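J.: Structure for the following, please:
(2 chains)
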Amino acid sequence: MSDAPFARRLLTITASERYGPYIVQRASDPDGPAPAPGQFTMLAATERWGGGDDGRPFVARAFSVMRHRDGEAHYVLEDVGPGTRRLCELGAGDQMWALGPLGRGFVGPEEGRRALLVGGGIGIAPLVILADELVRAGTHASAVMLGFRDRARARAAELIDGALLASDDGSVGHHGPCTDLLAAELERGRDAVVYACGPAPMLEAVRAMCAAGRVPCQLALEAGMACGFGACFGCVVPRRGGGYLRVCVDGPVVAGEELERVTEPGAQ
Amino acid sequence: MVSFCGLELAHPVINGSGTFDVHAARRTFGDALDERFPFAALVSKTITLEPREGNPPPRLWETAQGLINSIGLPNRGLEAYMRDEVPLLANLTAAARSGERVPAPLITNVMGASAPELERLVEACDARPEIAAIELNVSCPNVKSGLDIGADPAELEAVVRAMRARTGKPLIVKLTPNCADVAACAAGAQAGGADALSLINTLRALALAPARPARPDAVRSKIGQRAPWLGARTGGLSGPVVRAVALAQVAAVAERVEIPVVGMGGVQTGAHARDLLDVGATLVAIGTENFRDPAAAATIARAL
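T.: Predicted structure coming up:
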């Protein structure tokens, strides 16, 4: 894993693509080191960062790197607050600050274990780069299972080839949580490792299912954070056995057994 | 080069306590962190006698141009700090304007809930050659008197006097802005024997969790009531939103005392740092802006 450059750097948006309510921002990032799958970047618009509702945003926002290739970084965003709203507005030629890649990413599967990828909503982001990396390593994902709220959001499934789908409203794929799909995969054998990213209830379901089945899992967590590199101590989640983990430097990817349970992130 | 309490510093920009973790930054940025270390001196996070896990999350709330935090001073306690951390913080350097690299001394920030506790912390710091100066965090209540040590000039003077007797190292007192008259507190600290003052600490602040519509079945539950957002109820406000308050308090303190002042509060640019120097600060500390750019202090120092 390469070190992150020690300063935020300017990226220029090259293209914006829409997948339902999600926006994929592609940005030129010639100086950015190749991230490990699961690592993240702190992003902030260079202009009008602070001009939204309530005078926010102020600090940068954390995003999993979705792809990094040919000198471009790709991020998938959804407008859920003043920070993501401003970043979603950016178009080709606009600039943003980036600090990263940051944190600990996924660890590749041990020999003989099938890689099962499970994503909920925008949690698809780190699974895209992970799936790419598994292909490059010659192992391939054994199954990719994605859950979305509705048909519009499920358009993001186009970002990964061959994914099994589930939707909350039954409009696409299995009607129910994507963890139902995972349960069926685990029925076929426990010789697997599960890689998951998504909302806290989904991650908690994955964690509990894997703990019960004694299947290793790696969970990419989300938390509100101010810095991304261990300075602010704001992004903590309770660690199994007491104390806290800093999601930014101890994660964002943690092994399921490091947590008692996955809690809702302290997001705003 | 800047002289501060007998220390010769590369430039006048340091960090605020608890806003930069060198160990985590080394893991993230590698050798570049040491090669381009942005602070002319490193102020440690607050060290307490016993280990602390910190406050339950959520710990952060973003405001307009600022941040409320309730981190709760997580640290591994005095013994682990002295054993494991001090050796790793001892050989930092910063670049002077000439390009020459000069030592970036270690200032250790300590907090104790009672005089005996604080005495042990100060004596332990005094015994370590790697520690160049001691900063007292007095933004906590005295367990005996119940008074917030730093908000009461007489109480502050007494505590500083007791600590003064325990160390010959420079003693910096970090003043709280949550008091009636910060200049009076500054005068108390000076009378007690402080070598320097630093301010402002964060302003006590509250954020409410988002309102939820009351449910019809909420008759006897708390659903629909407003709860505090932060796990520890209140927190401390920092960032550009406090800059004008900081400037006023630093100006008032610098006018009142003879000893040097470290000014901080919302500094983002060289011009902001210049304002604090122009009202009498000797050094400027960067806090929240480090979160937005880990190299911010280097940019600010170059701009001065």
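
J.: partners of the helix or strand hosting B:Val284, with directions?
T.: Here B:Val284 sits within strand B:283-286, counting by DSSP states H and E. For strand B:283-286, the paired strands and their directions (DSSP bridges) read strand B:13-15 (parallel), strand B:261-264 (parallel).

J.: So the following helix or strand past it, near chain A or not?
T.: Proceeding C-terminally, strand B:283-286 gives way to helix B:288-292 as the next helix or strand, assigned by DSSP H and E. Yes: for helix B:288-292 and chain A, the contact criterion (C-beta under 8 Å from any C-beta of the partner chain) is met by B:288, B:290-292. Glycine gets a C-beta too; all of them are placed from N, C-alpha and C.

J.: And the strands in the stretch 151-268 of chain A, which stretches?
T.: When assigned using DSSP state E, counting those that start in this stretch, the strands of the stretch 151-268 of chain A occupy the ranges A:164-167, A:174-175, A:192-197, A:217-220, A:236-238, A:244-246, A:253-255.

J.: For the longest one, give me every contacting residue.
T.: By that I understand strand A:192-197. Residues from elsewhere that reach strand A:192-197 (C-beta atoms under 8 Å, 6 or more residues apart in numbering or on different chains): A:38, A:64, A:106, A:109-110, A:113-120, A:123-127, A:130, A:142, A:182, A:185-186, A:202-203, A:206, A:210, A:215-220.

J.: Let me know whether A:Pro199 touches A:Ile124 as I believe.
T.: No: taking contacts as C-beta atoms under 8 Å, A:Pro199 lies outside contact range of A:Ile124: 11.9 Å.

J.: Which one of the two is surrounded by more residues?
T.: Of the pair A:Pro199 and A:Ile124, A:Ile124 is the one with more neighbours under other C-beta atoms under 10 Å in any protein chain shown, namely 28 against 18.

J.: what about B:Ala90, distance to A:Arg261?
T.: When C-beta to C-beta, to the nearest Å is the yardstick, B:Ala90 and A:Arg261 sit 40 Å from each other.

J.: higher neighbour count, these two?
T.: B:Ala90 (16 against 13).

J.: Tell me which residues touch that one, please.
T.: Residues counted as contacts of B:Ala90 (C-beta under 8 Å, 6+ apart) are B:106, B:130.

J.: How about the backbone phi and psi for it?
T.: phi -80, psi -20 (degrees, to the nearest 10).

J.: Quick check: which ranges of the stretch 151-268 of chain A have low pLDDT?
T.: Within the stretch 151-268 of chain A, the ranges that satisfy pLDDT under 70 run A:265-268.

J.: Provide a complete list of residue ranges assigned to helices in it.
T.: For the stretch 151-268 of chain A, the helices defined by DSSP state H, counting those that start in this stretch cover A:151-154, A:178-187, A:200-213, A:247-250.

J.: Which one, of these, ends up nearest to chain B?
T.: Shortest distance between chain B and the helices of the stretch 151-268 of chain A, using C-beta to the nearest C-beta, is found for helix A:247-250: 4.8 Å.

J.: Show residues contacting that closest one.
T.: Counting by C-beta under 8 Å, 6+ apart, the neighbours of helix A:247-250 from elsewhere in the structure are A:62, A:102-104, A:221-223, A:225, A:227-230, A:235-237, A:265, B:24, B:27-28.

J.: Mind pulling up the pLDDT for the closest residue to B:Thr202 other than its chain neighbours?
T.: Spatial nearest neighbour of B:Thr202, excluding adjacent residues (C-beta to C-beta, 6 or more residues apart in numbering or on different chains): B:Gly236 at 2.5 Å. Confidence at B:Gly236, expressed as pLDDT, is 95.

J.: got it, and B:Val110?
T.: 98.

J.: ok, back up a step: quick check: bridge partners of the residue nearest to B:Thr202?
T.: Per DSSP bridges, residues listed as beta-bridge partners of B:Gly236: B:Asn69, B:Arg204.

J.: Near it, how many other residues are there?
T.: 21.

J.: Verify the stated contact: it with B:Ala205.
T.: Yes: with contacts defined as C-beta under 8 Å, B:Gly236 counts as touching B:Ala205 at a distance of 6.5 Å.

J.: which residues does the residue in the stretch 51-200 of chain A that chain B sits nearest to contact?
T.: Across the stretch 51-200 of chain A, no residue is closer to chain B than A:Gly55, which sits at 2.6 Å (C-beta to the nearest C-beta). A:Gly55 makes contact with B:63-65 under the criterion C-beta under 8 Å, 6+ apart.
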